[in-house]
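1. Provided below are the primary sequence and the corresponding predicted coordinates.
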Amino acid sequence: MAAVPTLARRIARSGVRPLCRWPLAWGRAARQPPGLPLAPCRAFSNNKILVELDESSGVAMMKFKSPPVNSLSLDFLTEFCISLEKLENDRACRGVIFASAVPRIFSSGLDITEMSGKSMEHYAEFWRAVQEMWLRLYGSNMVTIAAVNGSSPAGGCLVALSCDYRIMVENPKFSIGLNEAQLGIVAPFWFKDTFVNVVGHRIAERSLQLGSLYPAPEALKFGLVDELVPEEKLQEKAMAVMAQWLALPDHARQLTKSMMRKAVLDRLVAHREEDVQNFVSFISKESIQKSLRMYMEMLKKKKS
Ligand SMILES: CCCCC/C=C\CCCC/C=C/C(=O)SCCNC(=O)CCNC(=O)[C@H](O)C(C)(C)COP(=O)(O)OP(=O)(O)OC[C@H]1O[C@@H](n2cnc3c(N)ncnc32)[C@H](O)[C@@H]1OP(=O)(O)O
């Protein structure tokens with residue numbers, strides 16, 4: 001199996017298209033006092049992600065727009081990493097808010113079709129992209145806030161867990177959690193570590209074994225999300241929390257974040273290739289492939 005990471009090549013090949021300088025997403029025009037010129041803002045997009053950076057506040061909005069369910073496919077993960085890297089390297093950007101542009105779904109987690117019926121080389125490439133996404137997000141120097149405006153199972157929950165703060169829409173129909181066990185698969189150690197760091201060992205152990213998905217009000221009770229708001233207040237709340245976090249000196253906040261997360265990040269970095277091999281051998285077992293096929297069939301049947 002090729003050990004050469006191909007995500008870097010995909011990032012190099014994939015273009016990030018600039019949009020206009022005065023974008024409309026997240027209603028900037030509505031927030032601007034009448035008669036004043038709009039504050040400088042830059043936007044860029046690719047096929048699956050829209051980013052708008054407000055230079056006056058140093059805050060970027062990253063919106064996932066990969067219908068029907070924002071599944072984390074190889075293409076999505078590549079574009080996510082490109083967008084995050086661009087913001088990370090931009091001195092004007094100090095914080096990012098993540099939300100979905102798809103109604104009712106934040107992200108449906110890892111794209112199951114990337115883990116089913118493909119070659120070992122493909123599984124390895126996909127898993128490296130999942131690792132890369134998490135390493136960049138969990139290790140980001142920026143303030144990261146998940147504005148969870150829809151359901152967020154498994155890998156979608158990991159995205160939210162990897163942020164500094166989680167605000168979820170109070171709708172009990174929206175659920176969140178690491179439900180891998182329900183699919184007959186296992187959340188790897190770094191998903192588990194991230195989860196434990198947010199909710200503690202006991203709750204993580206029980207939730208992971210049961211593959212529990214929690215309606216938003218339940219998730220709030222044990223700190224899987226930090227607060228709930230009505231959908232129409234989500235953006236305003238995320239901006240207010242961001243302002244609070246950005247009021248501190250960057251270096252102090254960044255060093256503290258790094259101190260809290262370093263051991264968990266280092267563990268994957270030290271065992272990255274081993275983790276890829278574990279994933280590939282696990283996911284290519286016929287029994288696991290059968291479980292994934294049955295789960296996809298169950299999703300389809302649920303519609304009819
Ligand atoms: C011991 C060593 C261990 C080493 C590691 C080993 C293994 C690694 C484990 C990897 C960790 C995995 C993490 C994951 O993220 S797995 C994905 C988990 N995701 C889910 O369980 C979510 C499944 N989806 C849903 O529950 C629902 O779709 C929904 C997100 C709640 C949205 O519901 P609804 O609006 O009713 O939409 P539909 O169900 O009708 O879905 C629309 C179409 O989208 C397809 N879909 C849904 N989710 C996914 C997905 N994650 N990947 C790919 N495709 C997905 C669905 O089938 C529909 O397709 P169709 O229109 O063609 O029928």
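-> Okay, I see it.
2. alpha carbons only for contacts and neighbour counts from here, please
-> Fine.
3. Low-confidence stretches in the stretch 101-250 of the chain?
-> The stretch 101-250 of the chain contains no residues with pLDDT under 70.
4. For it, which segments are assigned as strands?
-> 104-105, 143-148, 150-153, 165-169, 175-177, 214-215, 227-229 (DSSP state E, counting those that start in this stretch).
5. quick one: strands adjacent to the fifth one?
-> Strands flanking strand 175-177 in the sheet, each with its direction: strand 150-153 (parallel), strand 214-215 (antiparallel) (DSSP bridges).
6. what's in contact with the last one?
-> Around strand 214-215, the neighbours that count as contacts under CA atoms under 8 Å, 6 or more residues apart in numbering are 171, 172, 173, 174, 175, 176, 177.
7. what's near enough to touch the closest residue to the ligand within the stretch 151-300 of the chain?
-> Residue of the stretch 151-300 of the chain nearest the ligand, by CA to the nearest ligand atom: residue 155 (3.6 Å). Going by CA under 8 Å, 6+ apart, residue 155 touches 72, 107, 108, 109, 110, 178.
8. And the second one, how close does it get to residue 262?
-> In this case it means residue 107. If you measure residue 107 against residue 262 using CA to CA, to the nearest Å, the figure is 26 Å.
9. for the first one, same thing?
-> Using CA to CA, one obtains 25 Å as the distance from residue 72 to residue 262.
10. higher neighbour count, the two?
-> residue 72 (25 against 13; other CA atoms under 10 Å).
11. now stretch 270-282, how far from the centre of its chain.
-> What separates the centre of stretch 270-282 from the centre of its chain is 21 Å, taken as CA atoms, centre = their mean, to the nearest Å.
12. pretty sure residue 103 is touching residue 169, no?
-> No. Residue 103 is beyond contact range of residue 169, at 11.8 Å (criterion: CA atoms under 8 Å).
13. what residues does the chain put near the ligand?
-> Proximity of the chain to the ligand, by CA under 6 Å from any ligand atom, involves residues 68-69, 71, 108-113, 151, 153-155, 180, 185-188, 278-279, 282-283, 296, 299-300, 303.
14. Buried ones among these?
-> 69, 71, 108-112, 151, 153-155, 180, 185-187, 279, 283, 296 (16 or more other CA atoms under 10 Å).
15. List the contacts of residue 80.
-> 49, 133 are the contacts of residue 80 under CA under 8 Å, 6+ apart.
16. Just give me the neighbour total for the residue lying closest to residue 143 once chain neighbours are set aside.
-> Residue nearest to residue 143 in three dimensions, not counting chain neighbours: residue 95, with 4.3 Å by CA to CA, 6 or more residues apart in numbering. By the criterion of other CA under 10 Å, residue 95 has 24 neighbours.
17. Quick one: residues contacting residue 95.
-> Taking CA under 8 Å, 6+ apart, one finds 58, 59, 60, 142, 143, 144, 145, 242, 246 in contact with residue 95.
18. Now tabulate these in TSV and tack on neighbour count.
-> Shown next, in TSV, are these (neighbours: other CA atoms under 10 Å):
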residue	neighbour count
58	19
59	25
60	23
142	24
143	22
144	24
145	25
242	23
246	18
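19. how about these, which pair is most distant?
-> 58 and 145 (13.6 Å; CA to CA).
20. did I read that right, residue 287 in a helix?
-> Yes. Checked against DSSP: H, G, I helix; E, B strand; the rest coil, residue 287 lies within a helix.
21. Look at it and report its pLDDT.
-> With respect to pLDDT, residue 287 scores 97.
22. repeat for the one 3 residues further on
-> In the prediction, the pLDDT value recorded for residue 290 is 97.
23. okay, now it: neighbour count?
-> 15.
24. In terms of helices and strands, where is it?
-> Using DSSP states H and E, residue 290 sits in helix 286-303.
25. And the contacts of that helix?
-> 112, 116, 117, 183, 184, 185, 282, 283.
26. Now the third one. Nearest residue, chain neighbours left out?
-> Counting by CA to CA, 6+ apart, residue 289 is the residue found nearest to residue 117 once chain neighbours are left out, at 7.4 Å.
27. From residue 185, how far out is that neighbour?
-> Residue 289 is 10 Å from residue 185, by CA to CA.
28. these two touch, right, residue 101 and residue 64?
-> Yes. Using CA under 8 Å, residue 101 is in contact with residue 64, at 5.5 Å.
29. Neighbour count: these two, which is higher?
-> More crowded of residue 101 and residue 64, by other CA under 10 Å: residue 64, with 25 against 21.
30. which residues does that one contact?
-> 48, 49, 50, 70, 98, 99, 100, 101, 102, 106.
31. which ones among those residues are found in strands?
-> Judged by DSSP state E, strands contain the following of the contacts of residue 64: 49, 50, 98, 99, 100.
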